[in-house]
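K.L.:
dropping the sequence and predicted coords here.
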Amino acid sequence: MHEAAFYAVEGIDGSGKSGMVAGIVAHLERTGRPTIATREPGGTPQGEKLRALLLAGTDDAWDQQSELLMMTAARVEHVQRVILPALARGTSVVSDRYVGSTIAYQGAGRGMPEDYIRRLHRDAVGDVWPDLVLILDLDPEIGLARSKKRLSADAIDEGRFETLDLDFHHRIRRSYLDQAARDPERHAIVDALGTPEEVRARVIAAIDAWHAH
Ligand code: TMP
């Protein structure tokens, strides 16, 4: 029996995270680990409503404090109602984004102090951190172009963060690399340039290496 683990997949917009989650779940299940896929903001009915509010419209739709609190409120619901119950029954969890996104987007992106974000996380969400964070690393110029193309092709109104300039997205990328450098045991950086099959093979190799350590 493997112990259930909590995996988060992180990366800039357009880094291909969402497509990787299904591959990760399939791999974990193949290796004898019952697993669920989930996402943030979202993952619960109330969290999905907050997602729709947070991701639609223009950048000025929310004050940055409201944005941070709503991201955190969605996470409280997600942790209490989905993540902790799954882990308690022995099911692993793969979340498309988690608090690393808040540190990157609201912290490095918007300029809110990281210690405030971490304190809010500990006080509101609890001391719940992923066992492994997989960071899909990609040049923001490529990611942003991909992401905008997908949003317009599928007519999805979730492009609020894509309206922000390239500099914002460079700060996001640097924040992820910095988070990994400060806590290497818990992070794996995966090069997200390549075909989905190539990237999936790298992600799976990183997971297997982490399980083996
Ligand atoms: P995605 O699910 O398509 O990646 O889009 C979610 C967007 O929300 C993405 O631009 C990153 C942003 N976001 C934050 O700014 N802070 C957060 O805490 C989370 C979870 C997401």
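P.N.:
Looks like it arrived, so ask away.
K.L.:
contacting residues around the most centrally placed residue in the chain?
P.N.:
Per Cα atoms, centre = their mean, the C-alpha nearest to the average position across the chain is that of residue 97, at 1.4 Å. Neighbouring residues of residue 97 by Cβ atoms under 8 Å, 6 or more residues apart in numbering: 8-10, 17, 39-41. (C-beta placed from N, C-alpha, C; glycine too.)
K.L.:
state the pLDDT value of it.
P.N.:
On pLDDT, residue 97 comes in at 98.
K.L.:
give me every residue in the chain lying close to the ligand.
P.N.:
13, 39-41, 55, 71, 96-97, 101-102, 105-106, 158, 161 (Cβ under 6 Å from any ligand atom).
K.L.:
any chance of these in a markdown table, plus secondary structure?
P.N.:
A markdown table is the format used below for the residues of the chain next to the ligand (DSSP: H, G, I helix; E, B strand; the rest coil):
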| residue | secondary structure |
| --- | --- |
| 13 | coil |
| 39 | strand |
| 40 | coil |
| 41 | coil |
| 55 | helix |
| 71 | helix |
| 96 | strand |
| 97 | coil |
| 101 | helix |
| 102 | helix |
| 105 | helix |
| 106 | helix |
| 158 | coil |
| 161 | helix |
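K.L.:
out of those residues, who's nearest residue 30?
P.N.:
Nearest to residue 30 among the residues of the chain next to the ligand, counting by Cβ to Cβ, is residue 96 at 19.7 Å.
K.L.:
bridged to the closest one, which residues?
P.N.:
residue 9, residue 39 (DSSP bridges).
K.L.:
that one and residue 37 touch, don't they?
P.N.:
Yes. Counting by Cβ atoms under 8 Å, residue 96 touches residue 37, with 7.4 Å between them.
K.L.:
distance check, the residue nearest to the centre of the chain against residue 7.
P.N.:
12 Å (Cβ to Cβ, to the nearest Å).
K.L.:
then residue 94?
P.N.:
5 Å.
K.L.:
return the set of buried residues in stretch 80-87.
P.N.:
Residues of stretch 80-87 classed as buried: 82-83, 86-87 (neighbour count, 16 or more other Cβ atoms under 10 Å).
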